[in-house]
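Enquirer: The sequence and its predicted three-dimensional model are supplied below.
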Amino acid sequence: MTYTLITGATGSLGEHLVKILSLYDKEFCISLRSTSCNNPLESRKIETFRNQGLIKFIEMDYNNLESISHNKLEGIEKIFLLTPYLSILDVTKKIVTEAQKTKSVKHIIKLSDMGTNLAPPPSGGMRHRQAER
């Protein structure tokens with residue numbers, strides 16, 4: 001069975017995507033820094049995911065790029081890539097590089113920043129543009 005991986009699931013947009021996919025009984029998993037989180041808000045969201053029957057979690061800490069490996073991505077067919085603002089380029093490169101090593105990943109959907117395609121892009125858009133390249 002192949003899965004879609006949702007990154008950024010505990011954020012506002014990611015949480016809505018998880019709800020939508022759940023409505024359609026789609027097979028997906030969620031990447032989290034850790035399933036044992038100290039942040040009360042994130043802990044509640046993780047517990048909500050568990051209560052919805054979403055028990056497939058992949059631990060990938062964006063502050064520790066070594067935690068992102070192709071072994072964790074095996075069986076993933078699609079990745080919804082929502083990266084943290086401060087490490088957009090490094091995290092995007094690492095996930096794409098590791099995804100290329102798998103036999104399963106066929107699609108990566110990267111959420112970018114508004115105005116990234118403008119010349120010159122807004123300051124946040126510059127980082128997203130670099131990551132997209």
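Expert: Arrived safely.
Enquirer: Can you pull out the low-pLDDT segments for this structure?
Expert: Residue ranges of the chain with pLDDT under 70: 1, 34-37, 54-55, 84-87, 113-133.
Enquirer: just so I have it, where are all the helices in it?
Expert: Assigned by DSSP state H, the chain shows helices spanning 12-23, 40-51, 70-73, 88-100, 123-132.
Enquirer: Out of those helices, which gets nearest to I58?
Expert: Among the helices of the chain, helix 70-73 comes nearest to I58, with 5.1 Å by CB to CB. Where you see a C-beta, it was placed from the backbone N, CA and C, and this is true even at glycine.
Enquirer: The closest one: how far from the chain's middle?
Expert: Helix 70-73 has its C-alpha centroid displaced from the chain centroid by 13 Å (CA atoms, centre = their mean, to the nearest Å).
Enquirer: For it, name the packing helices and strands.
Expert: strand 57-59, helix 88-100 (3 or more CB pairs under 8 Å, 6 or more residues apart in numbering; DSSP states H and E).
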